[in-house]
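K.L.:
Just the structure for this:
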Amino acid sequence: MRWKVARKTWKEPFRNAAQADGFRSSLLTAARKGEAFAVKTGRPASWDREENAVTWFAFSLDYCAAKWPYASPNHRRGIAEALTDATEALLTTGKGAPAGGPAA
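P.N.:
A predicted model of the protein is given here:
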């Protein structure tokens, strides 16, 4: 699949014609709606990830700030344990982890 944005040709490989046709259809729909296309990626700007998306850390802080004042001590422990478990599940790799780790 090939298309042009701002005089630059972009291409995207697909395994079969149906996938390419679906991608082409999405591009045409965005163009017909008058959406702006990102010059850096060649795709509609609405497809780009939001740069201001909430991070997991920011969400956790906001959640605790909202719940903490009204929670009993046992409920606070439950909140902390649940957020810890969710955070561990999100960390599938060691990329970006602090050096060292827990003390032995």
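K.L.:
residue boundaries of the strands in this structure?
P.N.:
Assigned by DSSP state E, the chain shows strands spanning 2-5, 8-11.
K.L.:
Among those, which comes closest to Ser46?
P.N.:
Comparison of those against Ser46 by CB to CB identifies strand 2-5 as nearest, at 14.0 Å. In this view, the C-beta of every residue, glycine as well, is placed from N, C-alpha and C.
K.L.:
Tell me the helices and strands packed up against the longest helix along the chain.
P.N.:
Secondary structure of the chain per DSSP state H: the longest helix is helix 73-90. In terms of contacts (3 or more CB pairs under 8 Å, 6 or more residues apart in numbering; DSSP states H and E), helix 73-90 is packed against helix 56-67.
K.L.:
how near is Asn74 to Ala65?
P.N.:
19 Å (CB to CB, to the nearest Å).
K.L.:
my bad, should have said Lys40
P.N.:
Separation of Lys40 from Ala65 (CB to CB) stands at 35 Å.
K.L.:
count of neighbours near Ala30?
P.N.:
Other residues near Ala30 number 17, with proximity taken as other CB atoms under 10 Å.
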